[in-house]
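can't give you the sequence, but here's the structure:
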């Protein structure tokens, strides 16, 4: 224990999952202190505890110490083993499987065995990424970075609040390291696709969502193809619910997405319209990747080989979250991202250039 | 109202709004909302009182009409009565919220197509259908394809039977001359035909017939001699290769090396090889410490076993002998 390196110290509950993920990737231990010390519910939440459990499930040799009050966590990372696992997400919290799944995307390609995990719980929520959003929005980013055929199967849907869903995330082939990215052109949208789903409610609801979304997207003039996905019976989970995910696809493989689910008292028409407008807004505020995809792309770029990677980002994307992300990356990986204004046009966009840290999957033979 | 007072009231109002935003309105919580009371009191003007009177009179009038008509009339009077209130008081009236939906273009739910369902189930990162037209055109059966297939099959058969044909190629018979004009498409003639037919039958029957092909019947000593000479040939071949520094391919255990020039008849008489005589371990029961061997004559216990159980005899001790 004494020969272990001193952990890097972070404060606050922000970016909890990402810090742990970056620590796992870099192999550097971290200590997170002052997790909600003044909150009514002091310390780490149920979902965070469950996430720690999940991390120890997919890694080998990880050492986690949670302080007595729960306000501090010391994490010594192990090696990412992957394999076939099942993780029941915390039933006491309302966080969906997307909350757990999103960080796994960062580490899944660099595991020892193939990464195949089944997550059980709620499959959709208002705040966190839905299953479809991860599948159609984030998996393409992984593919762009050279990870072959990641897939996410929905075995059962589980709408909030009772859940009862199950998803299977599978990355068959491990990668040595992500490719160096040179994306300096804003992709052109070629089609808008989407999935409108409903569980335990009338199937006409999906049609109403689709119609409303189509009405908004019609003037754009690209192909709009929204699939209706109606779930019945056992696999539809324990609660009724519906939702819509829209994805703007480009020919080069970059995607932008927007999603929402029906909450209490909301009508499908509103959801359809709202998501369609959100998608348009997302496209307007996106560079090469959308706002919610940026952190995954940047982390992969940091992991890349010792070469300069370039990614065009929009001015609007530089917000609080990005700054927090970059600070965490700097603390753990010691690398900085250099933003340079584009001089080709007056769009005000930036090119984020970053030198990779030459991360190599320790489990993969050269 | 002085400025200070107005400012104070304004601040109070802001505070109230903040409170209501967080906890809901006072009335919902079961308290009286004094601000509203004072509002309505102050706003209640003579005009409104008049309208109340009107309302009463209107309802009286309505009483004279028939049921359906009176209903309409009442509505009208109510509307006219509402005009008397100002905006604030109207908002207090609980009114049904009217939401209109345009009918969906397709009223009934249509199942996604098979392709769409496949894409949904696939779990892949894109819902875009794969361009599969190219492969589809390939699958179409063109006349050339069937011809090619036919040729492939014939070539396959020819390769299989080439050793038979090569064996009998040089054997000319008188019949060949007369049969020169015969159609050779129908296959080989003479002995070659017998052998090819046999090999074809064997091939077909090998699918679910008895796997071991029976060798041609012949005297045992002759067969032994054939095998011996064949092994000699193989040894010579291998020796030559070794001398020449040629590395030969490995041969399956128990099979003859294919050295070429083997006649069809040899193949039929001595087969592919001697067969690998595996040393199959017989099941001798559990491998636990046990004594004796069970034979049909009963349990047989050997001397060594007796000694093993008894242990080294004390008399025959080395130490004792040295003394």
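Structure received. No experiment lies behind these values; they were computed from the predicted model shown.

for the longest helix belonging to chain B, name the packing helices and strands.
For chain B, the helix with the greatest residue count under DSSP state H is helix B:143-168. Applying 3 or more CB pairs under 8 Å, 6 or more residues apart in numbering or on different chains; DSSP states H and E, one finds that helix B:143-168 contacts helix B:191-205, helix B:264-270. Quick note: C-beta positions are derived from backbone N, CA and C, even for glycine.

neighbours of residue 233, how many?
No chain specified, so I'll use chain A. Residue A:233 has 7 neighbours, counted by other CB atoms under 10 Å in any protein chain shown.

wait, chain B was what I had in mind.
As a burial measure, residue B:233 scores 15 neighbours (other CB under 10 Å).

nearest to residue A:58, out of the helices and strands packed on helix B:143-168?
Residue A:58 lies closest, by CB to CB, to one member of the helices and strands packed on helix B:143-168: helix B:191-205, at 53.1 Å.

after that closest one, which helix or strand is next?
Sequence order places helix B:220-243 as the next helix or strand after helix B:191-205, per DSSP states H and E.

show me what counts as buried in that following helix.
By neighbour count on 16 or more other CB atoms under 10 Å in any protein chain shown, the buried set for helix B:220-243 is B:223, B:227, B:230.

which among those residues are in contact with chain A?
When the buried residues of helix B:220-243 are checked against chain A using CB under 8 Å from any CB of the partner chain, none falls in range.

in a markdown table: those, plus pLDDT and distance to residue A:118.
Output for those, formatted as a markdown table (pLDDT from 0 to 100; distance: CB to CB, whole Å):
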| residue | pLDDT | distance to residue A:118 |
| --- | --- | --- |
| B:223 | 90 | 64 |
| B:227 | 90 | 61 |
| B:230 | 90 | 61 |
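
and the residues you listed, which is closest to chain A?
Chain A lies nearest to residue B:230 out of those, by CB to the nearest CB, at 47.0 Å.

picking up where we left off before, can you say which of the helices and strands packed on helix B:143-168 is packed in most?
Highest mean neighbour count among the helices and strands packed on helix B:143-168 (mean count of other CB atoms under 10 Å in any protein chain shown): helix B:264-270, with a mean of 18.

over that helix, what's the mean pLDDT, rounded is fine.
Mean pLDDT, helix B:264-270: 76.

following that helix, which helix or strand comes up?
strand B:293-295.

what are the pairing partners of that next one, and which direction each?
Next to strand B:293-295 in the sheet, as set by DSSP bridges, lie strand B:298-300 (antiparallel).

next structured bit after the strand it pairs with?
Sequence order places helix B:303-310 as the next helix or strand after strand B:298-300, per DSSP H and E.

for that following helix, packing partners?
With contacts defined as 3+ CB pairs under 8 Å, 6+ apart, helix B:303-310 has no helix or strand neighbours.

neighbouring contacts of that helix?
Contact with helix B:303-310 is made by B:291-292, as judged by CB atoms under 8 Å, 6 or more residues apart in numbering or on different chains.

sorry, back to before: any idea which of the helices and strands packed on helix B:143-168 gets closest to chain A?
Proximity to chain A, assessed across the helices and strands packed on helix B:143-168 by CB to the nearest CB, is greatest for helix B:191-205 (40.0 Å).

averaged pLDDT, the longest helix of chain B. What do you get?
Mean pLDDT, computed over helix B:143-168, is 84.

if anything else comes up later, I'll come back, but that's it for now.
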